[in-house]
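[1] Mind looking at a prediction? Sequence and model below.
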Amino acid sequence: MIDRIWHAIEGFLRRSPQVNLLMKRMGIDTVKYWLLVALFGALSDRRELPGHLGRTDMSLQKSSWMFYFLSALMALFFVLAGMSPTTYLAVFLVLSGFLLFTTLLSEANNSLVNPVEGVVLAHQPIDGATYTSAKLTHILRILLYLVPALNLIPAFAGLLLKGAPWYYPLLHLTAAFGEGIVLALACCALFGWLIRFVPPARLKAVGFAAEMSSWLLYLLSQFVPQMHMKFRLPHWLPTGTGPLIAIACALAALAAAMIVLGLRSLSGDYLARVSAIAQGGSGKKFRARRFQLGALVCSGPSARAGFDYVWCMMTRDWQFRRQMISLIPIAAMVFIAARQGLRISPFSGKFTAAHVFPHALGFAFFMICANMPYGLDRKGAWVFLLAPMGALRGLARGVYARLLTLILAPQLVLLPVLAWQWGIRDAALFLAYSAAVSALYLSLELRLVEGVPFTRQEQASGNPYMLMILLVGGLAVGIAVALQYFLIFRSPQAVLAVTVALSIAAWLATRSALQTFEVSIRFHLGLVSNESKGIYTEVNS
Amino acid sequence: MTDPIIAFDRVVFSYDYVEVLHEISFALRRGEVVGLLGPNGAGKSTTIKIIAGILAPSGGAVSVAGFPLPERAIDVKQRIGYVPENAMLFESLTGQEFLELCGRLHGVEEEILQMRIREILETFSLASDRSSRLDTYSKGMRQKVLIAAALLHNPELILLDEPLSGLDINAAIMIKDLIAALSADGRTVLYSSHVLDVVEKICNRALIIHKGSLIADGTLESLRASTGRESLEDVFRTLTHSDGVEPGVARIVAALR
């Protein structure tokens, strides 16, 4: 449906002489613009450079369905709660604005700061305005999917609110689309400013930080009531409608100027910067570490290779690091909860943040393991093809050892803090329990890592079972937390017994997971199929 | 004397504050076939990318076909054909689609474009693979597609960065003949390569870059005369001070024992 609307709009724009004239006045070469739009569409349809050209139709449709479902639930809740139309509209605009801002920042960053296709086109006679307008067309397409997904059902549900006028849906959708367009332009302008002023070699790192800014805003919003109380902002503002309107107009003009100048930065010599952005590298030199943890933890050279390889890629693969941004809200929630909850021992009989801690770690590692198979430097996978067969077992164990040290590290860090807060017995017992739960999670989640980590191309459609895993997993974790609170943490003896049982379960599950991981590595490297072929040839001959 | 087609005047280029080209100056006349030589990391590809309008110089002045860079990069790109060192292609496009895209971006008329694509693909023995995706092409086939894309719009200046990489012997001979024919037809060719005997055969002049500086610029005869060496390989060794490569080899072998 959305695709049909999009193609109809595209057909109309292509044929309209007024639109073509306007584009020419803006410095856009219309012939090359439509060539590029068609090229980006073809590359996107054929799953080339997924993630670099805006989301594919399939991932957009999946996100849209999820947003339709969530927005319908929220609309039902607010209508039943008898919310006023103004508050209802404001809530949906804030929610829609936050989700769009997060999505569009990510899309603009991926599209403009990591322009893989720009390297192929860099020597073609395409000016910056034409190139960037073709790329931004993809970002506007995302709006066409997501704005209705977030607002269509709430807009019509708004008619059920008391006092809502008959034209409420029109008002709601116009406001949402207006907000979306402004946000899209603002995101592009932000990256325009960055591309203009940040040295190309630093741009990816800065873009990564900019992508997190929506979550930063969210975290800062937690402090708004305190700031409001402290600084008494309304007292600083002039009284009367006139001056307030003047201030609002001045701020709006300033924002518009920032957006226009940011977009102009993009359309200038953007394509000339693409090569430097894509090929410049940070020039950062990595020091050889004196303390080699791998030497302590790993039993052989191949295990140590896996241990060090996976850490280097986790910290340096740009795509992986971007995916980990989704962990920031979890980290923020854990941090906020920990500030309040970790003072009270889980053995006190009260429900505290500590009860959720091992499960939050488990979820964080679920995200890590789910994203670990994919990497930007996947063409380097041939190195593993040359490894002797026995080395792959060591490699798998090395990868697991790195993940295990990472998941156990927070427990070790927290030990002195919690021992001081709760006493050494409670702290040690809780952290032993937490370590056992985390290790069990990791043994299950290791099965998500298919093949050698960071050697596969990211799937454009994502994992089709991911949503299901999240829903069922979330339910199971909820039940586990409830059981833990009501049954286990009632006595230290019960916690100790469960910790021993979970440790044994984790050990058994890890053995099995490591075997599966090793087979998966062989399979994805094509070794299994080659071995099978060899066997069949031998039998036939 | 006609205006040079490429004029480099004290050009400096830095990647992230690290200077990789130090005040390089040279000029190329129309119809010349010039070899650009230098060890790995000397700055050859950076020089070519500056000429192609892909990178903007950090200092100095560059003009190509009379157009200053980077200001008139689009005009320059319209007039050059560029075969990059790394075969960057849209892998999901077919050979035909990729060539059509490149030709259309250069504004080649459709009828002429199709005729040129047909001729070039048949000459390169790629006609039967024209509808296959580029990710199914061998390295040599991809290289041929890149060379074809660089020639489709009949450029005045052809920049070749290791163009024979991956080509079989017949294709390599054909490309060498093609370069000679294009030069005879008035095109200028800047040919960057590590294969010195190829440069010796097809170029009438050589520029040698070492550690970001232009250390030699002249005809092959003048370079031989100034260094007192016979082959271009010996000239290169002398100028880049790589005579002592054998002790390095001995160290590697010793480390492997």
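    Cool, got the structure.
[2] Extract the CA atoms of the longest helix along chain B and return them as CSV.
    Looking across chain B with DSSP state H, the single longest helix is helix B:169-184. Taking C-alpha atoms only, helix B:169-184 is exported to CSV below (Å, rounded to 0.1, in the frame of the first residue of the first chain):
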residue,chain,number,x,y,z
ILE,B,169,47.8,-12.2,-20.7
ASN,B,170,45.7,-11.6,-23.8
ALA,B,171,43.6,-9.0,-22.1
ALA,B,172,46.7,-7.3,-20.7
ILE,B,173,48.2,-7.2,-24.2
MET,B,174,45.0,-5.7,-25.5
ILE,B,175,44.9,-3.0,-22.8
LYS,B,176,48.5,-2.0,-23.6
ASP,B,177,47.6,-1.8,-27.3
LEU,B,178,44.5,0.2,-26.4
ILE,B,179,46.5,2.7,-24.4
ALA,B,180,48.9,3.2,-27.3
ALA,B,181,46.0,3.7,-29.7
LEU,B,182,44.2,6.1,-27.3
SER,B,183,47.4,8.1,-27.0
ALA,B,184,47.8,8.2,-30.8
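[3] Could you check it and say which residues are buried?
    For helix B:169-184, burial by neighbour count (16 or more other C-beta atoms under 10 Å in any protein chain shown) applies to B:171, B:172, B:174, B:175, B:176, B:178, B:179, B:182, B:183. For glycine as for every other residue, the C-beta is placed from the backbone atoms N, C-alpha and C.
[4] Kindly report the same for stretch B:103-116.
    Buried residues in stretch B:103-116, defined by neighbour count with 16+ other C-beta under 10 Å: B:103, B:104, B:105, B:106, B:108, B:113, B:116.
[5] What helices and strands are in contact with the longest helix of chain B?
    Secondary-structure packing of helix B:169-184 (3 or more C-beta pairs under 8 Å, 6 or more residues apart in numbering or on different chains; DSSP states H and E): strand B:33-37, helix B:139-151, strand B:157-161, strand B:188-192, helix B:196-202.
[6] out of these, which comes closest to residue A:207?
    Of all the helices and strands packed on helix B:169-184, strand B:157-161 sits nearest to residue A:207, with 28.8 Å by C-beta to C-beta.
[7] what does that closest one contact?
    Applying C-beta atoms under 8 Å, 6 or more residues apart in numbering or on different chains, the contact partners of strand B:157-161 are B:5-6, B:44-45, B:48, B:51-52, B:64-65, B:79-85, B:147, B:150-151, B:179, B:182, B:187-193.
[8] List only those of the residues you listed flagged as buried.
    B:5-6, B:44-45, B:48, B:51-52, B:64-65, B:79-84, B:147, B:150-151, B:179, B:182, B:187-193.
[9] give the contact list for residue A:95.
    With contact set as C-beta under 8 Å, 6+ apart, residue A:95 has these partners: A:74, A:150.
[10] mind listing what's buried in the helix or strand that contains residue A:208?
    Per DSSP states H and E: residue A:208 is located in helix A:200-211. Neighbour-count burial for helix A:200-211, counted by 16+ other C-beta under 10 Å, picks out A:200, A:201, A:202, A:203, A:204, A:206, A:207, A:208, A:210, A:211.
[11] What count of nearby residues applies to the closest residue to residue B:89 other than its chain neighbours?
    Among residues not flanking residue B:89 along the chain, residue B:134 sits closest, at 4.9 Å (C-beta to C-beta, 6 or more residues apart in numbering or on different chains). Residue B:134: 20 surrounding residues under other C-beta atoms under 10 Å in any protein chain shown.
[12] Restrict stretch A:74-85 to CA atoms and write it as CSV.
    Provided in CSV are the C-alpha atoms of stretch A:74-85 (Å, rounded to 0.1, in the frame of the first residue of the first chain):
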residue,chain,number,x,y,z
MET,A,74,-1.8,3.2,23.8
ALA,A,75,-4.7,4.9,22.1
LEU,A,76,-7.1,2.4,23.7
PHE,A,77,-5.6,3.0,27.1
PHE,A,78,-5.8,6.8,26.8
VAL,A,79,-9.3,6.8,25.4
LEU,A,80,-10.5,4.6,28.3
ALA,A,81,-8.7,6.8,30.7
GLY,A,82,-10.7,9.8,29.5
MET,A,83,-7.8,12.0,28.5
SER,A,84,-8.4,15.5,27.1
PRO,A,85,-7.9,15.9,23.3
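[13] Let me see the ranges of the helices in chain B.
    Using DSSP H, helices in chain B cover B:44-51, B:73-79, B:95-105, B:110-123, B:139-151, B:169-184, B:196-202, B:220-227, B:232-239, B:245-256.
[14] what bridges to the residue nearest the centre of chain B?
    In chain B, the residue lying closest to the centroid (C-alpha atoms, centre = their mean) is residue B:160, at 2.2 Å. Beta bridges link residue B:160 to residue B:83, residue B:191, judged by DSSP bridges.
[15] Please list the residues of the stretch 101-250 of chain B that sit near chain A.
    Taking C-beta under 8 Å from any C-beta of the partner chain as the contact definition, the stretch 101-250 of chain B meets chain A at B:101, B:102, B:104, B:105, B:106, B:107.
[16] and the second one, how many neighbours does it have?
    It stands for residue B:102. 25.
[17] Leaving out the residues flanking it, which one is nearest to it?
    residue B:149 is the one closest to residue B:102 (C-beta to C-beta, 6+ apart), at 4.2 Å.
[18] Looking at the buried residues of stretch B:103-116, spot the one nearest chain A.
    Of all the buried residues of stretch B:103-116, residue B:105 has the smallest distance to chain A: 4.7 Å, by C-beta to the nearest C-beta.
[19] any idea how far residue B:77 is from that closest one?
    Going from residue B:105 to residue B:77 by C-beta to C-beta, to the nearest Å gives 9 Å.
[20] Quickly list what's touching both of these two.
    By C-beta under 8 Å, 6+ apart, the residues touching both residue B:105 and residue B:77 are A:124, A:125, A:126.
[21] Leaving out chain neighbours, which residue sits closest to the second one?
    With C-beta to C-beta, 6+ apart as the measure, residue B:77 is the residue that lies nearest to residue A:125, at 3.9 Å, once sequence neighbours are left out.
[22] My read is that that neighbour contacts residue B:53, right?
    Yes. The criterion here is C-beta atoms under 8 Å, and residue B:77 meets it with residue B:53 at 5.1 Å.
[23] Those two: who's more crowded?
    Remark: of residue B:77 and residue B:53, residue B:53 carries more neighbours, 30 against 27, as counted by other C-beta under 10 Å.
[24] Isn't the more buried one up against residue B:78?
    No. When contacts are counted by C-beta under 8 Å, residue B:53 is not listed as touching residue B:78 (9.8 Å).
[25] Quickly list what's touching both of residue B:77 and residue B:53.
    Any residue near both residue B:77 and residue B:53 by C-beta under 8 Å, 6+ apart counts here, and that gives residue A:123.
[26] In terms of distance to residue A:491, which of the buried residues of helix B:169-184 ranks first?
    Residue A:491 has its nearest neighbour among these in residue B:171, at 79.3 Å by C-beta to C-beta.
[27] quick one: low-confidence parts of chain B?
    Within chain B, the segments meeting pLDDT under 70 span B:1-2, B:16, B:87, B:241-247.
[28] tell me which residues in stretch A:436-453 are buried?
    A:436-446, A:448-453.
[29] what mean pLDDT does it have?
    On average, the pLDDT along stretch A:436-453 is 91.
[30] tally of neighbours for residue B:225?
    Neighbour tally, residue B:225, other C-beta under 10 Å: 12.
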